[in-house]
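*Asks:* Give me the fold of what follows.
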Amino acid sequence: MNEAKLLLTIGLVTDVHYADAFPRANRYYQESLAKLEEAACVLREEKVDIAVELGDLIDARRKPDLVQEREYLKRINMVFTAMAPERHYVFGNHCVTTLKKREFLEIVGQKRSYYSLKRKGVHLIFLDACFRSDGVAYGEEPFEWSDTEIPPAQRQWLKTTLKKISGPVVIFVHQRLDTPPGSHYTIKSAPEVRQILEQSKKVSAVFMGHSHGNDQTMINGIPYLTLAAMVEGSGPESSGYSALSIFADGSVELKGFRKHAQHPAHAKRLQRMPLPETL
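*Replies:* You can find the predicted model right below:
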């Protein structure tokens, strides 16, 4: 592979699940504050241009409290904002278990839950799968975390957006697009979304969280990378965060720290694989 120009570097964290709560099921909620502080320090040294959190930035005590969760979000966001001059937030199911989407967005200073933007020649697309199958947004009515969907209107927006843009494209979403139908982690319309991405022939990679472990799949030429959760396990060594580099030829490279250093894609150059025109 020819050496391509580095265009953009992005700091990535996911499933921070910060809350002032006792540990449950290997989730050390309080420790996420110090873990994220370390991540912010290291990724600043990496000179990331942008920071992206891939969902579930906050969590709750056993009895959710709206006032508490607003404070959790404000506290953890102060740390996250120190990571890079520009930040972006992907909705995870725990972000809106108690808060409504508009409340979360207002606190972090983000206007929309799904959108696209261009930075240094790279198009970044952020998707929101925090909807029930019937199209009702999480936070508006009760929901099951396994009932996750990207509704038709958002899929049409994605298709239209991809037609208009050029250059490397990277997708960010919390829930999984690459796991089998019927999995609790899988977005209901994952096959339709993947088809949109494949037909565009522009997507360099897709980044996800939600299932809390490192994973990598290649589906019809597109790399799908899932990153390990920050909340799982006690101690700084159980944290995980990455610096994602995106190059002019559309290739991407993940430099992982802590658990992300064990990711299958760590320190490897990945690129979308062209498919035959008949596909």
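*Asks:* And the strands in the stretch 1-150 of the chain?
*Replies:* For the stretch 1-150 of the chain, the strands defined by DSSP state E, counting those that start in this stretch occupy 6-13, 50-53, 86-89, 115-119, 122-126.
*Asks:* ranking these by burial, who's on top?
*Replies:* Mean neighbours per residue, mean count of other Cβ atoms under 10 Å, is largest over the strands of the stretch 1-150 of the chain for strand 50-53, with a mean of 25. Every residue, glycine included, has its C-beta placed from N, CA and C.
*Asks:* Each with direction, which strands does it pair with?
*Replies:* strand 6-13 (parallel), strand 86-89 (parallel) (DSSP bridges).
*Asks:* Restrict that strand to CA atoms and write it as CSV.
*Replies:* Backbone C-alpha positions of strand 50-53 (Å, rounded to 0.1, in the frame of the first residue of the first chain) are rendered in CSV as follows:
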residue,chain,number,x,y,z
ILE,A,50,-11.9,15.5,17.3
ALA,A,51,-13.2,13.4,20.2
VAL,A,52,-16.1,11.0,19.7
GLU,A,53,-17.9,9.0,22.4
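*Asks:* average pLDDT for that strand?
*Replies:* The average pLDDT within strand 50-53 is 98.
*Asks:* for stretch 123-134, same thing?
*Replies:* Mean per-residue pLDDT for stretch 123-134: 98.
*Asks:* can you give me the strands in the stretch 151-279 of the chain?
*Replies:* 169-172, 203-208, 215-219, 222-226, 240-247, 252-258, 269-270.
*Asks:* possible to save the strands of the stretch 1-150 of the chain as TSV with distance to Tyr138?
*Replies:* TSV is the format used below for the strands of the stretch 1-150 of the chain (distance: least, Cβ to Cβ, whole Å):
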stretch	distance to Tyr138
strand 6-13	21
strand 50-53	17
strand 86-89	14
strand 115-119	18
strand 122-126	16
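*Asks:* Leu225: which of these is closest?
*Replies:* Among the strands of the stretch 1-150 of the chain, strand 6-13 comes nearest to Leu225, with 9.3 Å by Cβ to Cβ.
*Asks:* Now tell me what touches the closest one from outside.
*Replies:* For strand 6-13, the external contacting residues (Cβ atoms under 8 Å, 6 or more residues apart in numbering) are 36, 39, 43, 46-54, 80, 83-84, 119-122, 124, 168, 170, 207, 227, 230, 240-248, 260.
*Asks:* Quickly list what Phe207 is bridged to.
*Replies:* Those that pair with Phe207 in a beta bridge, by DSSP bridges, are Phe172, Leu225.
*Asks:* how about it, what does it touch?
*Replies:* Residues near Phe207 by Cβ under 8 Å, 6+ apart: Leu12, Val52, Leu54, Val170, Ile171, Phe172, Val173, Leu225, Thr226, Leu227, Leu244.
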